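Chemist: Quick one: sequence plus predicted model below, questions after.
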Amino acid sequence: MKMWEIDKNFWAETPIDTLGPILNSIGVSVFVIEVLEDNKFIVSFINNFYESTFNCDAREIAGKFIEDVMPAASAEMVISNYKRCIATGKIDQYDEEIQLSSGFFLARTTLTPLSKDGRVTRLIGTTNDITDRRAMEMELATARDQADIANKAKSSFMANMSHELRTPLNAVIGYSEMIQSEIFGPIGSPKYKEYLDDIRFAGRHLLEIVNDILDIAQVESGTTPIEYEDVSPRNLIENAVRLVQQTDRTNPATVNIGRIPPDILISVDVKKMRQCLINLIANAQKFSSCDRNVLISSELLDDERLCFIISDNGRGMSASDLPTALAPFGRVDSELDSQTQGAGLGLPITKAFVELHSGSFFMNSQPGIGTTAFIVLPTERITLPEGVKKRTSVEGLKDFFTIDGVDIPSTAADLADQSLDKLPIGAILLSDSGKILKYNATEAHFSGMTQSRVIGLNFFKEVAPCTFTDTFYGRFTDISEGKSVSEIFSYVFTLRRKWKVLIEMRPDKEPGNVWLFIRWA
């Protein structure tokens, strides 16, 4: 006979007088129910902890039928739970309402059926009082509902205020421009023209903020309209760059257009997607000095998703700052805020608009090196040229280089070798000639090549000579020579088994050196 069968027999057959001292030594509310043949249930025992928990007297309860211990409605519910446990013959856990002479309780009960001669003769249960916990849960739910109602009311109010806010601002801007152009004659003192410049600038700046706030409010209220139409990535990029340059002629940072896949169409809301690109280009310019470049390009990934890439080599930000930057009204580093304008809504709006297209928005950033923003549109939004075959999927790489909300490339360059080894993605530092300077443990795990073996070798000639194409090496050279600030590359190859990787290349602080950040799947 197995031990559990001996134990079951012990609990089923041992008299209550013998079990009592054992159960009273347990710091859990325990009760024992005797099951009679006529489906009657007698409370044969409750332990000391049960008495103190539910403020009741065992002498008033023990030996009585369930119907005599609590009101009829409560007893009926309790008995139905007992019968269900007996019918299944299995341990049962459930929440129930218990009404005793000491009060009303919400309880979580675990019930174990014990059999003798093939019939359940005893039920032994444990009960936890969850009255306070349930009350707290209800209070939290109520508070959450109230906050949700308030938030929807705020969003609805802002969304409905579009006309009331924009119309007078447009009037201020329009009249200031009309007076400035002296349509009805000269305005007199030149000082007035300076004031008009200030009025127009302030009006436009305020209108931009109002538009951003209303866009966020529409998204939050779920009333943002989406109108899809086919457009080429090149058309979107060129229009966005032109509009940014027309809006802010004072920013000297150069915007360069990189590679764009030819003959591809994407189905998007053109106005909203163009606004996303404008926001990211303007941000990249704003945080770059006059001798820095901004690069915007797009890539068709191996699973036919399309990725827009906006990179700068400006001041960048740390991984810990990214959640703030992506939150509505989030401003990173108050010391820098005075140097840059904006309400901190550009990135949250971009993220919201991209997600409306079922896309994904990611950022890699590193202080002193720069920032790369990725807009990734799903394959159903992409129309490939006729005759182009489907490629191997890189599903599983959708999060790029952001792990658990932390952007990895933004932290890697400053990490000691031991900390670099703990990163969940591969990290390789190459010299301008391709010599491996750093090779973290994660990459060693996937590649199967130990760090001691590869450090000092040429990555392209001795470590991965057949893996990467001339195109990949060309992109590496562009980064190393300062012709590009970021490159993204997806690849599928066989090394022990088929691997799918996504790589971002970024320049190191040391001129000529290049980081490879690698996601495997």
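Modeler: The structure has been received and is ready for your questions.
Chemist: any weak-confidence spans in the stretch 401-521 of the chain?
Modeler: 401-414, 424, 465-471, 486, 489-501, 520-521 (pLDDT under 70).
Chemist: repeat for the stretch 1-150 of the chain
Modeler: For the stretch 1-150 of the chain, the ranges with pLDDT under 70 are 1-8, 150.
Chemist: try 80 this time
Modeler: Applying pLDDT under 80 to the stretch 1-150 of the chain picks out residues 1-10, 12-13, 97-105, 131-150.
Chemist: Are we agreed that residue 373 is in a strand?
Modeler: Yes - counting by DSSP: H, G, I helix; E, B strand; the rest coil, residue 373 is located in a strand.
Chemist: That one against residue 281, yeah?
Modeler: No - between residue 373 and residue 281 there is no contact under CB atoms under 8 Å: 9.5 Å. C-beta here means a position set from N, CA and C on the backbone, and glycine is covered the same way.
Chemist: Mutual contacts of those two, please.
Modeler: Shared contacts of residue 373 and residue 281 (CB atoms under 8 Å, 6 or more residues apart in numbering): residue 310.
Chemist: now for the helix or strand containing residue 267, which elements pack on it?
Modeler: Residue 267 belongs to strand 265-268 when elements are defined using DSSP states H and E. Packing partners of strand 265-268 (3 or more CB pairs under 8 Å, 6 or more residues apart in numbering; DSSP states H and E): strand 229-231, helix 233-247, strand 382-383.
Chemist: Of the ones you listed, give the one that comes closest to residue 317.
Modeler: Smallest distance to residue 317 across the helices and strands packed on strand 265-268 (CB to CB): 20.6 Å, for helix 233-247.
Chemist: next structured bit after that closest one?
Modeler: Sequence order places strand 254-257 as the next helix or strand after helix 233-247, per DSSP H and E.
Chemist: Grab the longest strand from the chain for me.
Modeler: strand 103-116 (DSSP state E).
Chemist: That one: partners in the sheet, and parallel or antiparallel?
Modeler: Using DSSP bridges, strand 103-116 pairs in its sheet with strand 92-100 (antiparallel), strand 119-129 (antiparallel).
Chemist: Residue 77 in helix, strand or coil?
Modeler: helix.
Chemist: hmm, back to that, which residues sit against the strand holding residue 267?
Modeler: 228-233, 236, 273, 306, 357, 377, 381-383.
Chemist: Pull the CA coordinates from it and hand them back as PDB.
Modeler: Written as PDB, here are the backbone C-alpha positions of strand 265-268 (Å, rounded to 0.1, in the frame of the first residue of the first chain):
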ATOM      1  CA  LEU A 265       4.000  50.600 -52.100                       C
ATOM      2  CA  ILE A 266       2.800  50.800 -48.600                       C
ATOM      3  CA  SER A 267      -0.900  51.200 -47.500                       C
ATOM      4  CA  VAL A 268      -0.900  53.900 -44.800                       C
END
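Chemist: what are the pairing partners of it, and which direction each?
Modeler: Here, using DSSP bridges, strand 265-268 pairs with strand 229-231 (antiparallel), strand 382-383 (antiparallel).
Chemist: in it, what counts as buried?
Modeler: 265, 266, 268 (16 or more other CB atoms under 10 Å).
Chemist: same thing with stretch 16-34?
Modeler: Applying 16+ other CB under 10 Å to stretch 16-34 flags 19, 20, 23, 24, 29, 30, 31, 32, 33 as buried.
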